[in-house]
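*Asks:* here is my input; please provide its structure:
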Amino acid sequence: MLRSRPALSIALTSVAIALLAGCGAPDQGVTAGRSDANSQESATSVPTSAEATPTSELPAPTAEPATTASLPTSSGIVDFGQGKTPQPYDSFLDAAFADVTEFWASSFPTAYGKSFEPVKGVYALYPERTDAPQSCDGAVGYDQVEGNAFYTDCGDIIVYDDASLVPDLVKQFGESGVAVVAAHEYGHAIQSRAGLLGKQATIDSEQQADCFAGAWTAHVARGESKTLRFTDADINAGLLSMIYVRDPVGLVPDSTNNGHGTAFDRVGAFQEGFLNGVARCVDFPKNPNPRVDLPFLTQEEYNNGGNLSYDDTLAKLPAAMTIFWQPTLDASKVAFTPPTVVGFPSAGPYPTCDARKGADLKNNATYCAATNTIVFDEDLARNLLTNGGDMAMAYPIANAYGDAVQTALKSALATDKRVLLSDCLVGVWITDIIPTVDAQGNVGPTNPKQEISLSPGDLDEAIVAAMALADPSADTNKAGTAFEKVDAIRAGVLGGMNACQARIG
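*Replies:* Numbering: from 1, shown residues only. Modelled structure (predicted):
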C-alpha cells in the first residue's frame with residue numbers, strides 16, 4: 001500500500017510511527033484475522049481498528065502435513081469433551097500440546113529458575129459441547145471462544161474454537177500451523193508462571209508468546225521431539241499462521257487497544273525465538289523486538305486501503321529505487337546506471353535476458369545484465385497487486401533491482417545466496433520510504449526526494465509476496481526458503497546495509 005507523498009502533509013497527535021514497543025492492556029487471545037475492538041480513533045478520525053480483510057490470496061507454499069514418529073492415539077492433554085465429532089487433526093493437536101508441555105518442563109526451570117507445573121486443562125470448545133470447562137468466573141462457553149483461542153489464568157486453562165478457527169487453520173496451513181498457535185497460547189501460561197502476565201503491554205505479551213512459539217518450533221525442527229517432525233513446509237506453515245493472526249491493517253498498538261502486531265512484527269518475534277531460543281524470549285521484557293507501526297493518515301486512505309494503481313505503481317517504483325540507490329552507490333564511487341523496467345506477458349513472447357529461457361522468466365522479475373533491464377511477468381504483477389497489494393507487486397521488481405545493485409558491486413554470489421542478499425537490499429531500500437514523525441506528531445519523509453512512502457500493510461504485503469516466491473525447501477537453493485527470505489528482508493529493514501554486508505560470504 002504505497003502512497004504518494006502528498007498524503008504526508010498531516011499531523012498525528014494520538015498515534016506515532018516508530019521502531020519501538022507500544023503500550024496496551026493485557027490480552028491472551030489469538031484472534032483469527034482481527035484484533036480486539038476496544039480501540040480509539042486517531043485525531044484525524046481514521047479508525048485504528050476494524051475487521052480486517054482476509055489474509056492475502058497470494059499463492060503461498062502449501063503446508064504439507066507434519067510428519068510424526070509413533071504418534072499416540074491420545075496423550076490425554078486435550079479434553080475433547082462429550083458430543084464432539086472426531087477430526088483428523090485431533091491426535092496431532094493432542095500430541096503437539098503434549099510436546100509443548102514436555103518442552104517447557106525441561107526449559108522453564110533453566111529459563112526462570114522456578115519449578116514447572118503444566119496447565120490445568122486444554123479444552124476443545126464447540127456449540128454442541130455441554131460439559132463446559134470451569135474458570136474462576138464460572139463455565140467457559142463456546143460463545144466466549146468463537147473464532148479464537150486463548151489462555152486464562154482464571155482457572156489456568158487453554159481453550160480453542162474447534163468448530164471454525166482450528167478447522168480453518170488446518171485447511172489453510174496444515175496441522176503444523178495449528179501447532180504453532182497452540183505453542184503461542186502455552187506461551188501465555190509460561191508468562192503466568194513467570195509472574196509476567198498482566199504486567200506487560202498487550203503487544204509485548206503477544207510478541208513474547210510468538211517468540212516462545214518460535215523456540216518450540218525450532219526444537220521440533222531440530223528433531224528433539226519424541227513424536228513430531230517438522231519439515232521446511234511445516235516451518236513455513238508456522239510463519240503463515242503468524243500472518244493469519246496479525247492485527248487489522250492500520251492498527252497502531254497503544255494503551256487503548258489490544259494490538260497483537262502486524263505480520264512483519266509477529267513473524268519477526270517468531271523468528272527470534274526460532275533462531276535464538278528461549279533465552280532470547282525471556283529477555284523480551286527488557287529488550288523487545290523492534291516494530292514498525294504505520295497508521296492510516298486520512299479517511300480516504302483508510303477507505304481505499306492506500307493502494308496505488310498498477311500504472312501508478314509501475315510509474316513510481318523504479319524512480320523510488322533509483323532515488324535511493326544512485327546516490328548511495330555514487331557515495332561509494334561505484335559506477336551505476338539505473339536499469340530500465342520492462343514487462344512481458346506471461347504467455348510470451350519473452351524478452352532476451354542473458355542466457356535465460358522464457359520458462360526461467362515467468363512468474364518473477366529478473367535483472368538482465370547484458371541489457372541492464374529488469375523484465376517482469378505482467379500477469380504475475382497484476383495478480384500480486386489484486387491479491388496482495390501494491391507492495392506485493394513491488395517486491396519482485398525491488399528484488400531484481402537489488403540484483404542490479406549487486407552487479408554494480410561486482411558481487412560473486414549466486415543462486416539462493418544472491419537472491420537472499422537482494423532480499424536484504426529490498427529491506428534497506430524500504431527504510432528510505434518509511435515515513436518519520438517528529439515530536440509534534442508531524443509526519444514527513446525519511447528522504448525528502450522520495451515521492452512515495454509506505455502505508456499500513458505494506459511490509460506485510462512484501463513478506464507475503466516473498467514467501468509466495470520462495471523455494472519449497474532448503475534443498476532447492478534457487479530463491480531461499482520463506483523463512484530465509486523473511487529473515488533477510490527484516491534484516492535490511494532493521495539493520496540497514498551493515499546487516500546485509502554481514503550476509504556476504
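*Asks:* every contact and neighbour count from this point should use C-alpha atoms.
*Replies:* OK.
*Asks:* what values do phi and psi take at Tyr89?
*Replies:* Here is the backbone geometry of Tyr89 (degrees, to the nearest 10): phi -90, psi 0.
*Asks:* looking at the residue lying closest to it once chain neighbours are set aside now. What's its pLDDT?
*Replies:* With CA to CA, 6 or more residues apart in numbering as the measure, Glu175 is the residue that lies nearest to Tyr89, at 6.5 Å, once sequence neighbours are left out. Glu175 carries a pLDDT value of 90.
*Asks:* relative to Asp232, how far out is Glu175?
*Replies:* 14 Å (CA to CA, to the nearest Å).
*Asks:* which of these two has more residues huddled nearby?
*Replies:* Glu175 (27 against 21; other CA atoms under 10 Å).
*Asks:* my guess is that one contacts Leu93. True?
*Replies:* Yes - with contact defined as CA atoms under 8 Å, Glu175 counts as touching Leu93 (7.4 Å).
*Asks:* low-confidence ranges, this protein, go.
*Replies:* Along the chain, the parts satisfying pLDDT under 70 run over 1-75, 245-261, 294-306, 441, 505.
*Asks:* quick one: the most centrally placed residue in it and Gly238, what's the gap?
*Replies:* Nearest to the mean C-alpha position of the chain, by CA atoms, centre = their mean, lies Ala263 at 3.1 Å. Remark: distance between Ala263 and Gly238 (CA to CA) = 12 Å.
*Asks:* Leu196 now?
*Replies:* Remark: distance between Leu196 and Gly238 (CA to CA) = 25 Å.
*Asks:* so those two - more neighbours on which side?
*Replies:* Gly238 (28 against 14).
*Asks:* quick one, what contacts that one?
*Replies:* Phe173, Ser176, Gly177, Val178, Val180 (CA atoms under 8 Å, 6 or more residues apart in numbering).
*Asks:* how near is the fourth one to Ile463?
*Replies:* With distances defined as CA to CA, the gap from Val178 to Ile463 amounts to 21 Å.
*Asks:* quick one: which of the contacts of Gly238 is most hemmed in?
*Replies:* Ranked by neighbour count (other CA under 10 Å), the contacts of Gly238 have Ser176 at the top, with 32 neighbours.
*Asks:* next one: it from Asn364, what distance?
*Replies:* According to CA to CA, Ser176 and Asn364 sit 28 Å apart.
*Asks:* same question for Val342.
*Replies:* In terms of CA to CA, Val342 sits 12 Å off from Asn364.
*Asks:* okay, these two: which has more neighbours?
*Replies:* More neighbours surround Asn364 than the other of Val342 and Asn364, with 20 against 14 (other CA under 10 Å).
*Asks:* and that one, its phi and psi?
*Replies:* Taking degrees, to the nearest 10, you get phi -170, psi -180 for the backbone angles of Asn364.
*Asks:* correct me if wrong: it contacts Phe376.
*Replies:* Yes - here Asn364 reaches Phe376: they are 5.9 Å apart, a contact under CA under 8 Å.
*Asks:* residues near Glu117, how many?
*Replies:* For Glu117, the count of nearby residues is 13 (other CA under 10 Å).
*Asks:* just give the nearest non-adjacent residue to it, would you?
*Replies:* Among residues not flanking Glu117 along the chain, Ala105 sits closest, at 7.5 Å (CA to CA, 6+ apart).
*Asks:* make sure the one you found is actually in contact with Phe116.
*Replies:* Yes - at 5.8 Å, Ala105 counts as touching Phe116 under the criterion of CA under 8 Å.
*Asks:* and Ala163, what is it in contact with?
*Replies:* Ala163 touches Leu125, Tyr126, Pro127, counting by CA under 8 Å, 6+ apart.
*Asks:* and the strands in the stretch 101-250 of the chain?
*Replies:* In the stretch 101-250 of the chain, the segments counted as strands under DSSP state E, counting those that start in this stretch are 121-125, 134-135, 138-139, 148-152, 157-161, 228-229.
*Asks:* so for Gly389, which of those sits nearest?
*Replies:* Minimum separation from Gly389 across those (CA to CA) falls at strand 148-152, 26.6 Å.
*Asks:* adjacent strands (with direction) for that closest one?
*Replies:* Applying DSSP bridges to the sheet, strand 148-152 is found paired with strand 29-31 (antiparallel), strand 157-161 (antiparallel).
*Asks:* touching the last one from outside, list them.
*Replies:* Around strand 157-161, the neighbours that count as contacts under CA under 8 Å, 6+ apart are 119-126, 135, 142, 145-152, 166, 185-186.
*Asks:* at 7 Å instead, please
*Replies:* 119-126, 145-152 (CA atoms under 7 Å, 6 or more residues apart in numbering).
*Asks:* doesn't Ala315 belong to a helix?
*Replies:* Yes - going by DSSP: H, G, I helix; E, B strand; the rest coil, the assignment for Ala315 places it inside a helix.
*Asks:* from Ala439, how far off is it?
*Replies:* Ala315 is 33 Å from Ala439, where distance means CA to CA.
*Asks:* which one of those two is surrounded by more residues?
*Replies:* Ala315 (12 against 8).
*Asks:* now the more buried one: how far from Val342?
*Replies:* 11 Å.
*Asks:* cool, Val428 as well?
*Replies:* As defined by CA to CA, Val428 lies at a distance of 23 Å from Val342.
*Asks:* do Arg356 as well
*Replies:* Distance from Arg356 to Val342, counting by CA to CA: 16 Å.
*Asks:* and what of Val437?
*Replies:* The spacing between Val437 and Val342, counted by CA to CA, is 35 Å.
*Asks:* with Gly155 instead?
*Replies:* Separation of Gly155 from Val342 (CA to CA): 61 Å.
*Asks:* Ala233 now?
*Replies:* From Ala233 to Val342 the distance is 33 Å (CA to CA).
*Asks:* and Ile433, how many neighbours?
*Replies:* Ile433 has 25 neighbours, counted by other CA under 10 Å.
*Asks:* kindly report the same for Ser192.
*Replies:* Using other CA under 10 Å, Ser192 has 17 neighbouring residues.
*Asks:* so what's it closest to, chain neighbours aside?
*Replies:* Asp153 (6.8 Å).
*Asks:* how about the residue nearest to the centre of the chain, phi and psi?
*Replies:* Note on Ala263: its backbone torsions stand at phi -60, psi -40 [degrees, to the nearest 10].
*Asks:* how close does it sit to Val292?
*Replies:* Ala263 sits at a distance of 11 Å from Val292 (criterion: CA to CA).
*Asks:* swap in Ser332?
*Replies:* The gap separating Ser332 from Val292 is 29 Å, by CA to CA.
*Asks:* how about Gln87?
*Replies:* The value you get for Gln87 to Val292, if CA to CA is used, is 39 Å.
*Asks:* quick one, which of the two is more surrounded?
*Replies:* Each of Gln87 and Val292 has its neighbours counted (other CA under 10 Å); Val292 has more, 19 against 9.
*Asks:* got the phi and psi for that one?
*Replies:* phi -120, psi 110.
*Asks:* stretch 427-438 spans what distance, first to last residue?
*Replies:* Taking CA to CA as the measure, stretch 427-438 stretches 23 Å from start to finish.
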